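J.: quick one, structure for this:
(chains A and B)
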Amino acid sequence: MRSSRASFRYGGGLLAMLCMGCAASSRRSELPAGQAVQTDQSTQTVQARREQVLRGRVLTINHACGGCHGGGANPAAEGYLAGMRSPEQEFLIGPCATKPGATPCFRTRPRNLTPDNATGLGRFSERQIFNSLRYGLRPGETPDVEITSSVPGQGNFPTSPKYLAPPMPWPEWRHMTDQELWDIAVYLKHGVKPVRNKVPDSEGPPDFWVSEYTVEKIGPYPLPAFPTARERLPQ
Amino acid sequence: MNPRLSLLAVLASSASQGPHALAAQDAPGLAGATPVVPPSGPSLLTDPPTIRRTVELTLTAAPTRLSLRPGDITDAYAYNGQVPGPTLELREGDRVVVHFRNALPEPSTIHWHGLHLPFTADGSPFHPVAPGGQHDYVFTVQPGAAGTYWYHPHPHHRTGQQVAKGLYGAIIVRAADDPLPLAEKLLILSDNRFRPDGSFDLRDPHSSHGRSDAENGREGDVLFVSGAIRPTLTIRSGEVQRWRVINASAARIYRLKLQGHTFLHIGNDGGLFERAVETGEIVLGVGERVELLVRGTGAPGARSVLQTLPYDRYIPQTRPPDWNAPRDLLFLQYSTAPAVAPVALPPVLRPVPALDTAQATATRVMVLTQHLINGKAMDMARVDVSTTLGATEIWEVENLVGMDHPFHLHGFQFQVLDRDGVPEPYRSWKDVVNVPKHQTARFIVRYDDHPGKWMFHCHILDHEDHGMMGVLEVRP
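T.: A predicted model of the protein is given here:
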């Protein structure tokens, strides 16, 4: 659990991002965006689901979800993934991060990721959680369907997307494979016990961070073909 | 069995005769030409046949130039040239025939918000009336329906625009045995926003302000009470007035407070409670109605103001900067005449029998997020909930986001059971339940009559127009 407030700059085109547990490799999805691996529960065996939960557990730990959402890297810890439980877990986003009292100043409050129906992810589908991780959309603002684009207004991507508040590092983590994102979604929905903890809403600018999450600022999805001009193929 | 509905089947099958007349027709032995001699013994007293009233009127929706604000001319839409439209005053049991003429340059409908009527008369998006077209809405006002309702257009994707331009009006349904024959005032609350040239300020949804409208629902800085801006309403000291208040705004939620007074809250959407409830304030969600008794406790010549106090229904990202300013709605002016003795109120206004939760055969979970219900946007070709006529069901409406969503069910009045597990303190008939941010409301409903496809939706009109709506199919 974080013991002090983390601060981030906002505006001026620079949005500092926290890199928590960056050990996980970012592999390009084997499938184009939108062609998701099916997780049809009716055809899944219990064994396959258990394996998926175990893979999702490792991914959740090594992507440091508990660093912000509670419990750190210990699934046995009190408040594991249950969201903010004290004001110290808030993030300050904006000029106030470095200069107290400066504006704008937005508070991000890590949400409850346990499958509690009223206060956590219980009422969101695995698809909505997948869409949230892949496209950065707030789970309640993503339709429960396969999204066919990552560009606002194209395909069925929302015209006015509402992105997860910084510092949620979805621009990096969206490059996980479809299977990895499904594994995390299944783990959160089925491998964690629900905890009732109502977290106050995060604040943010009226554009829901759209101006901070442009291709120029967060890079393209999917990644450009390897190798780019700055990379090389080992000989 | 819900007694307020028990007569409906009889009335619906009788175009011009009362239930007693029909019962007589059904009695054996009446078909022949020879008068039937009643059996000896004491005879039963029966009322002579009654002729039910038919109310027939024409409502024309048309572009109209009106002065809505002093000094301005606005190109509006109006019913019969008026904003708000004419008030329909009906009686329980009335047969109503409305000839609707659509003189607008776009499809429209008239939805009779809260009335229990046939699917084809509901004026929902399933039955648009083309520009230049007409449609007859024919329905019977059910016994027990006495209350305050309203009407407005309901075309798919265009409701907000058409209501904003002036298409809304009130409906009052009266009971023959109204327990409160008091002086009445009708307060239709609405708000709007204008450009300096007097035209409506309707914004492109893709502009930053338009996005804020799409998010919050469109609010205006000009608040109207039955078409007037901060009007004065008179009362005499000691007098008791019955106020019927309709929230016809697109998105604004009112928190009503009459300075120096408390209200007696006597009714909701579908009419009177069993007993009056004293309260200092009333929160009135979008589309909701309340009936209030205002007691003239002020001295002759005194003055008071009805305000809407700050109510935080917004998510932090788009909360308007002036959201926490109280706003004046109307002034209450006491006449200088000496006080009159207050009237005594009946202890019981009317019975509101409970729908029985033990009869419920299903629980429908509705998860509300911004612009979506159960993760889906409205699809006219999809049925979201399918049920059968006569079923009693519980709806659990969960609001997962940090903004209030007033949830409206067409066609059927319901009873709120609890909110976040806290039982509703008193029983009432409702057709809108405001579900505050991150809260859950449960209600019970019985689909007693009128099969068809019925909408349920967020009554923030911008949300509805963006697809925060679904379809309940009641199969015969």
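J.: let me see the contact set for residue 112.
T.: You didn't pick a chain, so chain A it is. The contact partners of residue A:112, by C-beta atoms under 8 Å, 6 or more residues apart in numbering or on different chains, come to A:69, A:81, A:82, A:83, A:119, A:120, A:121, A:195, A:197, A:198, A:199. C-beta coordinates here come from the backbone N, C-alpha and C atoms, glycine included.
J.: I was after chain B.
T.: Taking C-beta under 8 Å, 6+ apart, we find residue B:112 in contact with B:121, B:122, B:123, B:137, B:139, B:149, B:151, B:171.
J.: show me which of these is closest to chain A.
T.: Among the contacts of residue B:112, residue B:122 lies closest to chain A (C-beta to the nearest C-beta), at 26.9 Å.
J.: read off the pLDDT value for that closest one.
T.: On the pLDDT scale, residue B:122 is placed at 98.
J.: for it, give me its contacts.
T.: With the criterion set at C-beta under 8 Å, 6+ apart, residue B:122 makes contact with B:111, B:112, B:410, B:411, B:452, B:454.
J.: so what's the spatially closest residue to residue B:53 that is not a sequence neighbour up against?
T.: Sequence neighbours aside, residue B:94 is the residue nearest to residue B:53 in space, at 5.1 Å (criterion: C-beta to C-beta, 6 or more residues apart in numbering or on different chains). Counting by C-beta under 8 Å, 6+ apart, residue B:94 makes contact with B:52, B:53, B:54, B:55, B:140, B:141.
J.: mind giving me the PyMOL command for buried ones among these?
T.: Applying 16 or more other C-beta atoms under 10 Å in any protein chain shown to the contacts of residue B:94, the buried members can be selected in PyMOL as follows:
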select buried, chain B and resi 52+140+141
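J.: which other helices and strands does the longest helix belonging to chain A contact?
T.: The longest helix of chain A (DSSP state H) is helix A:46-62. If contacts are counted by 3 or more C-beta pairs under 8 Å, 6 or more residues apart in numbering or on different chains; DSSP states H and E, helix A:46-62 sits against helix A:178-190.
J.: change it to 10 Å
T.: In terms of contacts (3 or more C-beta pairs under 10 Å, 6 or more residues apart in numbering or on different chains; DSSP states H and E), helix A:46-62 is packed against helix A:65-69, helix A:178-190.
J.: report the buried residues of it.
T.: Under the neighbour-count criterion of 16+ other C-beta under 10 Å, helix A:46-62 has A:52, A:53, A:55, A:56, A:57, A:59, A:60, A:61 buried.
J.: wait, doesn't the third one sit right on residue A:180?
T.: Yes: assessed by C-beta atoms under 10 Å, residue A:55 is found in contact with residue A:180 at 7.6 Å.
J.: which residues of chain A fall in helices?
T.: With helices called from DSSP H, chain A shows them at A:46-62, A:65-69, A:126-135, A:170-173, A:178-190, A:215-218.
J.: please list all residues in contact with residue A:170.
T.: By C-beta atoms under 10 Å, 6 or more residues apart in numbering or on different chains, residue A:170 lies in contact with A:132, A:133, A:134, A:135, A:136, A:137, A:163, A:164, A:213, A:218.
J.: quick check: the third one vs residue A:220, distance?
T.: Going from residue A:134 to residue A:220 by C-beta to C-beta, to the nearest Å gives 14 Å.
J.: common neighbours of the two, please.
T.: residue A:150.
J.: of the two, who's got more company?
T.: The neighbour count for residue A:134 versus residue A:220, taken as other C-beta atoms under 10 Å in any protein chain shown, is higher for residue A:134 (24 against 9).
J.: next one: the closest residue to that one other than its chain neighbours from residue B:372, what distance?
T.: The shortest distance from residue A:134 to any residue other than its chain neighbours is 4.9 Å, reached at residue A:174 (C-beta to C-beta, 6+ apart). Here the criterion is C-beta to C-beta. By it, residue A:174 lies 21 Å from residue B:372.
J.: between the two, which has more neighbouring residues?
T.: A direct count of neighbours by other C-beta under 10 Å for residue A:174 and residue B:372 places residue B:372 higher, at 26 against 21.
J.: so the more buried one touches residue A:138, yeah?
T.: No: judged on C-beta under 10 Å, residue B:372 makes no contact with residue A:138 at a distance of 11.1 Å.
J.: joint contacts of the two?
T.: Counting by C-beta under 10 Å, 6+ apart, the common neighbours of residue B:372 and residue A:138 are A:128, B:401.
J.: which ones are touching residue A:145?
T.: Residues near residue A:145 by C-beta under 10 Å, 6+ apart: A:125, A:127, A:128, A:131, A:156, B:375, B:376, B:377.
J.: so what's the residue count around the fourth one?
T.: For residue A:131, the number of neighbouring residues by other C-beta under 10 Å comes to 28.
J.: that one: what's it in contact with?
T.: The neighbours of residue A:131, taking C-beta under 10 Å, 6+ apart as the test, are A:34, A:36, A:124-125, A:137-139, A:141-147, A:157, A:181, A:185, B:375.
J.: residue ranges with poor pLDDT in chain A?
T.: Counting by pLDDT under 70, the ranges of chain A that qualify are A:1-44.
J.: show me which residues of the stretch 151-300 of chain B are close to chain A?
T.: Taking C-beta under 10 Å from any C-beta of the partner chain as the contact definition, the stretch 151-300 of chain B meets chain A at B:205, B:206, B:208, B:209, B:210, B:211, B:212, B:214, B:215, B:216.
J.: next, format those as JSON lines and append secondary structure.
T.: What follows is these, written out as JSON lines (DSSP: H, G, I helix; E, B strand; the rest coil):
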{"residue": "B:205", "secondary structure": "coil"}
{"residue": "B:206", "secondary structure": "coil"}
{"residue": "B:208", "secondary structure": "helix"}
{"residue": "B:209", "secondary structure": "helix"}
{"residue": "B:210", "secondary structure": "helix"}
{"residue": "B:211", "secondary structure": "helix"}
{"residue": "B:212", "secondary structure": "helix"}
{"residue": "B:214", "secondary structure": "helix"}
{"residue": "B:215", "secondary structure": "helix"}
{"residue": "B:216", "secondary structure": "helix"}
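J.: filter the residues you listed down to the buried ones.
T.: The neighbour count (16+ other C-beta under 10 Å) marks B:205, B:210, B:211, B:212, B:214, B:215, B:216 as buried among these.
J.: so which of these is the closest to residue B:321?
T.: Nearest to residue B:321 among those is residue B:212, at 11.1 Å by C-beta to C-beta.
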